[in-house]
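Undergrad: Sequence plus predicted model, see below.
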Amino acid sequence: MNGREETSVNNLFYLCSLIEYIARKTKQRKSAVVIALGKTELTHIYDLADVYHCENIDKISDELIHKHNIEEGCFDNVAACLYTVPSFWDIGKVYTRLIVAVASRQQLPLIEALIQVYNSWVCARIDDYNASTYYNSPSYLQESYFSGTMLE
């Protein structure tokens, strides 16, 4: 453990933030970015996150966009936001907490939990920056995820 969080969680946080950054840059849904990168690349980035985080995130994202032919899409939740846009780090933290909870409860490796979460119904809710989902408590979001719908 280095710092306040386990290294594995910190690496996951970087990876989730990078996915968010690439999705915004390419106007793609995060599920499309995760699919384009694939499990092998996701694992590679996760394993080397402590090295990658020393690089400029713009440079890393450009390299990955080019390497995996991630094309410009039309999903722009940042432009659609009527309020203050959460940073890619903010959203990375939301996904990190959810993925850690899913991995723990379902006893999955983190990368498998990541792929599952980013390809689930909850992404559309978190990606709506005009709704309150992304800033709800982590436990509320986790229980909603596991129940298959947002809890009332």
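TA: Perfect, thanks for sending it.

Undergrad: Look up how far residue 91 lies from residue 49.
TA: Applying C-beta to C-beta, to the nearest Å, the value for residue 49 to residue 91 is 17 Å. For the C-beta atoms, the positions are set from N, CA and C on the backbone; glycine is no exception.

Undergrad: With neighbour numbers in mind, choose between the two.
TA: Neighbour totals were compared for residue 49 and residue 91, and residue 91 leads with 24 against 19 (other C-beta atoms under 10 Å).

Undergrad: what about that one, which SS state?
TA: Residue 91 carries the three-state label helix when classified by DSSP: H, G, I helix; E, B strand; the rest coil.

Undergrad: List the contacts of it.
TA: Residues counted as contacts of residue 91 (C-beta atoms under 8 Å, 6 or more residues apart in numbering) are 16-17, 20, 126, 134.

Undergrad: The same query, at a cut-off of 10 Å, please.
TA: By C-beta atoms under 10 Å, 6 or more residues apart in numbering, residue 91 lies in contact with 16-17, 19-21, 23-24, 30, 77, 85, 126-127, 129, 134.

Undergrad: Quick one: low-confidence residue ranges for the chain.
TA: Counting by pLDDT under 70, the chain has low-confidence residues at 1-4.

Undergrad: go with 50
TA: Scanning the chain for pLDDT under 50 picks out nothing.

Undergrad: Now the contacts of residue 91 in CSV, please, with extra columns for secondary structure, distance to residue 103 and neighbour count.
TA: What follows is the contacts of residue 91, written out as CSV (DSSP: H, G, I helix; E, B strand; the rest coil; distance: C-beta to C-beta, whole Å; neighbours: other C-beta atoms under 10 Å):
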residue, secondary structure, distance to residue 103, neighbour count
16, helix, 13, 26
17, helix, 17, 22
19, helix, 16, 25
20, helix, 19, 24
21, helix, 22, 21
23, helix, 21, 27
24, helix, 25, 20
30, helix, 17, 23
77, helix, 25, 19
85, coil, 28, 15
126, helix, 17, 25
127, coil, 21, 20
129, coil, 25, 19
134, helix, 20, 17
